[in-house]
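Engineer: Kindly generate the corresponding structure for this input.
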Amino acid sequence: MNKTRQYHKRHAKAIQHRRRTTAQRLQRDRAQAQRVAKVLEQALDDLGLPEDLVTELEGRLRSQQKGIVKLFNWLQVLQFLLTSCRL
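Structural biologist: Numbering: from 1, shown residues only. Model prediction:
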């Protein structure tokens, strides 16, 4: 698509957008969100992922976060020891 055609298409969409009322925009956005949700749900079904994948991932992230917190605390203690030992 050449530049002038892109410009005119974008300009026409902008005019359409300004003409819509708030209620129309809200209705259009909701419909689009529902379509996207259906497509995402279908894609997840096609992948064949287990139902409890989200809870499993949350558990893994939580355990990793605990490990990171422990490491950070240990590094703080080490830093305190190193700075307090200076003479």
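Engineer: Next, count neighbours for residue 27.
Structural biologist: Number of residues near residue 27 (other Cβ atoms under 10 Å) recorded here: 12. (Glycine included, C-beta is placed from N, CA and C.)
Engineer: How about the one 3 residues further on?
Structural biologist: Residue 30 has 10 neighbouring residues, counting by other Cβ under 10 Å.
Engineer: Tell me how far it lies from residue 36.
Structural biologist: Distance, residue 30 to residue 36, using Cβ to Cβ, to the nearest Å: 11 Å.
Engineer: starting at the chain centroid, how far to the helix or strand hosting residue 17?
Structural biologist: Taking DSSP states H and E as the criterion, residue 17 maps to helix 3-19. Centroid separation between helix 3-19 and its chain, computed with Cα atoms, centre = their mean, to the nearest Å, is 29 Å.
Engineer: got a pLDDT number for the residue sitting nearest the centre point of the chain?
Structural biologist: Geometric centre of the chain, nearest residue: residue 40, 13.5 Å, by Cα atoms, centre = their mean. The per-residue pLDDT reported for residue 40 equals 83.
Engineer: Averaged pLDDT, the host helix or strand of residue 61. What do you get?
Structural biologist: Under the criterion of DSSP H and E, residue 61 resides in helix 53-84. Helix 53-84 comes out with an average pLDDT of 83.
Engineer: Could you check how far the residue nearest to the centre of the chain is from residue 47?
Structural biologist: 11 Å.
Engineer: And residue 14, how close does it get to residue 85?
Structural biologist: Distance, residue 14 to residue 85, by Cβ to Cβ: 66 Å.
Engineer: which of these two has more neighbours?
Structural biologist: Between residue 14 and residue 85, residue 14 has the larger neighbour count (other Cβ under 10 Å), namely 10 against 7.
Engineer: State the distance from that one to residue 7.
Structural biologist: Distance, residue 14 to residue 7, using Cβ to Cβ: 11 Å.
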